[in-house]
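Novice: Okay, sequence plus prediction incoming.
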Amino acid sequence: MENVNNLRNQLTKTITRPIEKIVKLFITASAFGAILVSISIIFTLLTEAINFFQDPAVTFKGYFTATRWTPTFQNPEYGVIVLISSTLYIAVIACLISFPLGLFSAIYLSEFATKRTRKVIKPVLEVLAGVPTVVFGYFALNWITPNIIQRFIPGTGVFNALSAGIAVGIMIIPTVASISDDALNAVPNSLRNGSLALGATRRITSLKIMFPAALSGIIASFILGFSRAIGETMIVTIAGGQYPELNLDPRSAMYTITSSIVNVSLGDTPHGTTAYNALFALGITLFIMTFILNIGSDYVARKYRKEYE
Amino acid sequence: METKETVQVNNESVFNVTDLSVSYGDFVAIKNVNMDITKNKITAFIGPSGCGKSTLIRTFNRMNDLILGAKVNGTITYQGVDLYDKMVDPVQVRRRIGMVFQKPNPFPKTIKENITFGLKVNNMTDNIDDRVEKALTQAALWDEVKDDLDKNALELSGGQQQRLCIARTIAVEPDTILMDEPCSALDPVATKKIEDLMQELVKEFSILIVTHNMQQASRSSDYCAFFTTKTSDDGKRRTGELVEFNETSVMFTTPDKELTEQYISGRFG
Ligand SMILES: Nc1ncnc2c1ncn2[C@@H]1O[C@H](COP(=O)(O)OP(=O)(O)OP(=O)(O)O)[C@@H](O)[C@H]1O
Ligand SMILES: [Mg+2]
């Protein structure tokens, strides 16, 4: 009996010390604070966007079918298709650059590089990821456009979708590379050994065993890269121009969602006007696009994690 | 005390190991190994944990090449050819000398693809279905999986996975199979299946197996090598050495060395 009581005492909850209570309160408050901030952002966007659609000059149909985005003109048109298509267009160029390059560097890093090379290249990639996007923007405008694009592709304007897309692509390479590299590294080494022990070369092992095994993680890196490309602002504003009409020529300027947001908020568009409220409709549009992509990437990543648990 | 133990055999040998030592960086994991491995026999490696059994078995198909800092000294000849000759391609070596690992490691692909992968890699793409069936039959797995060859291999039980790994290894028709504790993750029933399987396979293949299971070694091997670790003079590092290499029947009844006797009877290690 004595022993049982002793044991019970030892197992009894110790009284929570006040400091622990405070820490717990603080942590809970921060978590809820973050959620609250997100909710209020969405709320603001939504209410202002609703104001935008209440203007009789704006119709849902017009928003999705007009082929010009000219909110500040005499006869304003609000064709968001112009902006969405430009955004996707530049994002696709960026992906054409960043997916293969990012993936190849990931495969190189995880399958072929020696430890020492890895130690050099990984930080370089991280530095690349840390370069402010405004630098990429001017790099596109002042270097890529005159030295590469205008030299090889005649008829290219100073502001053009191609150089903006390329610069955004370069900016995203580290994201794609580092997440794909993580995915490849998460594949158990035993699979690699199993393949090599069957007489497979390193090349075949990486392409036929490691790559498919890491595929969902790699796809997640692509989705995330794509969503970064869509949300990228500075580069496209500086190098991509503001051409307000539907246009699919990569040599000419375009007008992405983000750069039109910048344009309106930097300009002298008065508060409360429809042109100003259009900002929030765009914000919501952008939010929905990246939100869907992030959920997609989360879903793929989760599916992938399941496979090896 | 330099151990130089070589079994006198009349049978043809598949490997000749001479003065072999393996180190990781400047740490010598195992040294002074001399042994001849007989063709179409089962040779078991036993010994306490850390004595270098895995390290040693990996030298037979150059899997140690993949470990950074691993270095092999001495010679292993395979049917007369020095495996560590500069001109030897480890990929070609591994095509002839297959390996089954401690933990079943099927590819996250279908059962069939697990087998066809090795076949494709080795350009054995003629009669592919027959080859798949033959390998799975030899690995005593065919009856259990013949109706769901397109099922993901990760859905098989551990024992089935290990037999699949054996099947994919023998599908590419190696002539030697290395097995590093192939049953350690399996229950007794699955273990028995793999032991029976080894008796079948040894008619065609030479088998080297690392095991911690004394019964398994005595039941299923023809030759047995006992290793132990010797502590270095400064007492910091433990290097593996071959203590005794003998016919299994002799080793488990009248071992030459006192140490072997102690280990086998469970009084040490
Ligand atoms: N990749 C490695 N790098 C460095 N040292 C290693 C490596 N692998 C093994 N060793 C060391 O080499 C020695 C022998 O290891 P090994 O795995 O060959 O032993 P083992 O006999 O297979 O043991 P077990 O029965 O536990 O599997 C150990 O001291 C181990 O720490
Ligand atoms: Mg081992």
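Specialist: That came through, no problem. Ligands and ions are numbered 1, 2, ... in the order given.

Novice: Any part of stretch A:208-217 near chain B?
Specialist: Yes - applying Cβ under 8 Å from any Cβ of the partner chain, one finds stretch A:208-217 in contact with chain B at A:208-209, A:212-213. C-beta: built from backbone N, CA, C; applies to glycine.

Novice: how near is the closest residue to B:L136 other than its chain neighbours to B:V189?
Specialist: Counting by Cβ to Cβ, 6 or more residues apart in numbering or on different chains, the nearest residue to B:L136 once its immediate chain neighbours are dropped is B:W142, at 4.1 Å. Remark: distance between B:W142 and B:V189 (Cβ to Cβ, to the nearest Å) = 18 Å.

Novice: cool, A:P56 as well?
Specialist: 79 Å.

Novice: ok so, going back, between B:W142 and B:V189, point out the one with more neighbours.
Specialist: B:W142 (17 against 8; other Cβ atoms under 10 Å in any protein chain shown).

Novice: can I assume the more buried one is in contact with B:E133?
Specialist: Yes - with contact defined as Cβ atoms under 8 Å, B:W142 counts as touching B:E133 (6.3 Å).

Novice: burial count for residue 122?
Specialist: Unless you meant another one, I'm taking chain A. 16.

Novice: switch to chain B, that's the one I care about
Specialist: By other Cβ under 10 Å, the residues close to B:N122 number 17.

Novice: B:L242 now?
Specialist: B:L242: 26 neighbours (other Cβ under 10 Å).

Novice: Quick one: classify it as helix, strand or coil.
Specialist: Recorded secondary structure, B:L242: strand (DSSP: H, G, I helix; E, B strand; the rest coil).

Novice: my guess is it contacts B:N34, does it?
Specialist: Yes - using Cβ under 8 Å, B:L242 makes contact with B:N34 at a distance of 7.2 Å.

Novice: ok, so what distance separates the residue of the stretch 101-250 of chain A found nearest ligand 1 from A:A177?
Specialist: Closest residue of the stretch 101-250 of chain A to ligand 1, Cβ to the nearest ligand atom: A:N189 (10.8 Å). Using Cβ to Cβ, A:N189 is found at 20 Å from A:A177.

Novice: now do B:C183
Specialist: Plainly put, B:C183 is 41 Å away from A:A177 if you go by Cβ to Cβ.

Novice: Same drill for these two, tell me which one is more crowded.
Specialist: A:A177 (28 against 23).

Novice: What's the mean pLDDT across whichever helix or strand the more buried one is part of?
Specialist: Per DSSP states H and E: A:A177 is located in helix A:161-186. Average pLDDT, helix A:161-186: 93.

Novice: Against which helices or strands is it packed?
Specialist: Where contact means 3 or more Cβ pairs under 8 Å, 6 or more residues apart in numbering or on different chains; DSSP states H and E, helix A:161-186 is packed against helix A:80-107, helix A:115-130, helix A:133-139, helix A:215-231, helix A:234-239.

Novice: immediately after it, which helix or strand?
Specialist: helix A:189-197.

Novice: Give me the buried positions along that next one.
Specialist: Under the neighbour-count criterion of 16 or more other Cβ atoms under 10 Å in any protein chain shown, helix A:189-197 has A:191-197 buried.

Novice: Identify, from those residues, the entry nearest to B:T125.
Specialist: Nearest to B:T125 among those: A:S195, at 17.2 Å, using Cβ to Cβ.

Novice: ok, that closest one - contacts?
Specialist: Applying Cβ atoms under 8 Å, 6 or more residues apart in numbering or on different chains to A:S195 gives the contacts A:204-205, A:208-209, B:107, B:117.

Novice: Then B:N114?
Specialist: Contacts of B:N114 by Cβ under 8 Å, 6+ apart are B:106-107, B:153, B:164-165, B:167-168.

Novice: Which of the helices or strands spans the residue in chain B positioned nearest to chain A?
Specialist: As assessed by Cβ to the nearest Cβ, chain A sits closest to B:R95 within chain B, at 3.3 Å. Per DSSP H and E, B:R95 falls inside helix B:90-96.

Novice: burial measure for A:I166, as a count.
Specialist: So A:I166, with other Cβ under 10 Å, has 26 neighbours.

Novice: wait, doesn't it sit right on A:I144?
Specialist: Yes - if you go by Cβ under 8 Å, A:I166 and A:I144 touch, sitting 5.7 Å apart.

Novice: doesn't A:R228 make contact with A:I179?
Specialist: No - in this structure A:I179 lies outside contact range of A:R228 using Cβ under 8 Å: 11.0 Å.

Novice: Look at these two and report which has more neighbours.
Specialist: The residue with more neighbours, out of A:I179 and A:R228, is A:I179; 22 against 19, by other Cβ under 10 Å.

Novice: For the more buried one, which non-adjacent residue is closest in space?
Specialist: That would be A:S221: by Cβ to Cβ, 6+ apart, it lies 3.5 Å from A:I179.
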